Every structure is written in structure tokens, then in C-alpha cells.
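Peer 1: what follows is a predicted structure for the sequence shown.
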Amino acid sequence: MANKPQICTSSSALIAMIADEDTITGFLLAGVGNVDLRRKTNYLVVDSKTTVKQIEDAFKEFTTREDIAIVLISQYLRMQNYYPEEKGSLTGSDISKQQG
């Protein structure tokens, strides 16, 4: 099974993640991680040394990549105000109200 080749189609897409180390580790263990030929990953581990600019740059990169369909930003980062809210964007409480 370890030598099983990956099935790559033109319609396949990735989930990108901007999150704390524990969240990223869980997703990597689930097989969501990816490193392409240019050694670009589909995740950013945010810790106390990560700047807001690094987070913003990663978000911009993930949203412009054609192979990424979803950008997951952990709620932990939103609560810690690592990620600034954009004008007109939904907040976590708005999303919770729509789901409930």
C-alpha cells in the first residue's frame, strides 16, 4: 500500500490551512498535507513568532493558487486576533447564526 501511486486528475483540489501546530498536525495525519515540486506547502503553522504579514501573505498565496479550493483558518487564530477581518466579511458569530 505504501507504494500506491497518487491519483491526480485535472479536477482534484487541495485544502489549504492556516492554523496552530496542533490543528495542522491533525490534518497532516489525516493525509491533507501536500508539498509540490517547488516545495510549496498547502499549510502555514502559526505560532507566537509568526507575524500578521506572514499570515496575510500565506492567505493571498493560497487564494491565488489554482490547485486550492478551500482555505481553512482555525477559530483559535481568529480568537487570538492573528487574522484581521476584512470589510464586508462574515465574522465567526455571523457564520454560527447562519448555521443554527
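Peer 2: In hand now; what should we look at? What you see is a predicted model, and the numbers here were worked out from it, not measured in a lab.

Peer 1: after the longest helix seen in the chain comes which helix or strand?
Peer 2: Of all the elements of type helix in the chain, the one with the most residues (DSSP state H) is helix 52-64. On the C-terminal side of helix 52-64, the nearest following helix or strand under DSSP states H and E is strand 68-73.

Peer 1: in that next one, what counts as buried?
Peer 2: Buried residues in strand 68-73, counting neighbours by 16 or more other Cβ atoms under 10 Å, are found at Ile68, Val71, Leu72, Ile73. Every residue, glycine included, has its C-beta placed from N, CA and C.

Peer 1: same question for stretch 19-30.
Peer 2: Of the residues in stretch 19-30, those buried by neighbour count under the rule 16+ other Cβ under 10 Å are Ala19, Asp20, Thr23, Ile24, Phe27.

Peer 1: so what's the last one up against?
Peer 2: Contact partners of Phe27, counting by Cβ atoms under 8 Å, 6 or more residues apart in numbering, are Ile15, Met17, Ala19, Gly33, Tyr43, Leu72.

Peer 1: ok, it to Thr51 distance?
Peer 2: Phe27 sits 22 Å away from Thr51 when distances are taken as Cβ to Cβ, to the nearest Å.

Peer 1: what does the second one give?
Peer 2: Separation of Asp20 from Thr51 (Cβ to Cβ) stands at 15 Å.

Peer 1: now do the helices in this structure.
Peer 2: Assigned helices in the chain, in chain order: 21-29, 52-64, 75-79, 92-99 (criterion: DSSP H).

Peer 1: run a quick neighbour tally on Ala16.
Peer 2: Taking other Cβ atoms under 10 Å as the criterion, the count of residues near Ala16 is 24.

Peer 1: make 51 the first number, not 1, from now on.
Peer 2: All set: I'll call the first residue 51, so the last point we hit is now Ala66.

Peer 1: dump the residue contacts of it.
Peer 2: By Cβ under 8 Å, 6+ apart, Ala66 lies in contact with Asn92, Tyr93, Phe112, Arg115, Ile118, Ile120, Val121, Leu122.
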